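# everything below, folded, please.
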Amino acid sequence: MKINCISGIQYDSNIYIIDGEIPTIIDCGTGLNQKYVDDKIKQTINPLKIQQIILTHEHFDHCGGAKNILDLTNKKAKILSHNNAAEKIEGGDSYFARMLGGYMPKINIDYKIKDNENVTIGDEKFQIIHTPGHSPGCICMYNKKNKILFSGDTIFAYGSFGRYDFPGGKLSELKQSIKKISKLDIENLYPGHESFIEGNAQLHINKTLENITNMI
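A predicted model of the protein is given here:
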């Protein structure tokens, strides 16, 4: 499967575009750089083909641009998130957004996905894995066949992981989530920020587990 990444600039999350049977966007950035994002999307795919937008969690840097991208699809795409993220996303408002001079629009969640549920992304089935710790509504998406993980802000490359000191974050939960992910067979890692890894992701995930396990 072909995964296209719009690398996050400034505070934006990475945005992933996956074409196929069900063309999908994963995460949407802040919306503060929307012309740049819109242009990149249009260079990759006809926005009217996009059927779903999956939000890995409820933070502004992943959700702030969702309404704009939904408008780009002529409001045809469905928006999905975990149930624990949905209330905050649907309510809008964000102190972080206001601090950056932006705003968090109210966004209707069309489908609230559950732990261990399967969702088609592009041409492949992905298992939804609830991974709280960075936030209550964090999810990862795993495809066993191609050994792919979209990790949101749970696990990053080079042994890093998401912050746990935001409201709703909890170090003990993040440790358990990373331990759960580390048991999967993963070659390709697509995180919410910074570099994605294709080919030896397990080394990065093992380092992340080691780093968080060694924390007091």
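# where along the protein do the strands fall?
Listed from the start of the chain, the chain has strands (DSSP state E) covering 3-6, 15-18, 24-26, 52-54, 78-82, 111-113, 118-121, 124-130, 139-143, 148-152, 188-191, 197-198.
# what average pLDDT does stretch 39-52 get?
Averaging pLDDT along stretch 39-52 gives 98.
# stretch 167-179 now?
For stretch 167-179, mean pLDDT is 96.
# residues in contact with that stretch?
Identification of contacts with stretch 167-179 by CB atoms under 8 Å, 6 or more residues apart in numbering yields 131-136, 138, 154-155, 161-164, 205, 208-209, 212-213, 215. Bear in mind the C-beta positions are built from the backbone N, C-alpha and C, glycine included.
# cool, stretch 192-210 as well?
For stretch 192-210, the external contacting residues (CB under 8 Å, 6+ apart) are 5, 8, 13-14, 27, 56, 62, 147, 149, 151-153, 155-162, 178-179, 181-182, 185-190.
# and these, which of them are buried?
The neighbour-count test (16 or more other CB atoms under 10 Å) applied to the contacts of stretch 192-210 identifies 8, 13-14, 27, 56, 62, 147, 149, 151-153, 155-157, 159-162, 178, 181-182, 186, 188-190 as buried.
# show me the contacts for Gly159.
Gly159 neighbours (CB under 8 Å, 6+ apart): 204, 207-208, 210-211.
# what do you get for Lys147?
Each residue near Lys147 by CB under 8 Å, 6+ apart is listed here: 185-188, 201.
# out of the residues you listed, what pair is the most spread apart?
Maximum pairwise distance among these (CB to CB): 10.9 Å, between Asp185 and Asn188.
# what residue ranges in the protein score low on pLDDT?
Counting by pLDDT under 70, the chain contains low-confidence residues at 216.
# how close does Ser81 get to Thr30?
Distance of Ser81 to Thr30, given as CB to CB, to the nearest Å: 16 Å.
# same question but for Ile205, I mixed them up
When Ile205 is compared with Thr30 (using CB to CB), they lie 27 Å apart.
# would you mark the buried spots in stretch 104-115?
Using 16+ other CB under 10 Å as the test for burial, stretch 104-115 gives 104-105, 107, 109, 113.
# using TSV, lay out those residues together with distance to Leu171.
Shown next, in TSV, are the buried residues of stretch 104-115 (distance: CB to CB, whole Å):
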residue	distance to Leu171
Met104	25
Pro105	31
Ile107	29
Ile109	27
Ile113	25
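# out of those, which is nearest to Lys75?
Nearest to Lys75 among those: Ile107, at 11.4 Å, using CB to CB.
# the helices in the protein, which residues?
Along the chain, counting by DSSP state H, helices occupy 34-44, 60-63, 66-72, 83-91, 95-99, 171-182, 201-213.
# and those, which is most packed in?
helix 60-63 (a mean of 28; mean count of other CB atoms under 10 Å).
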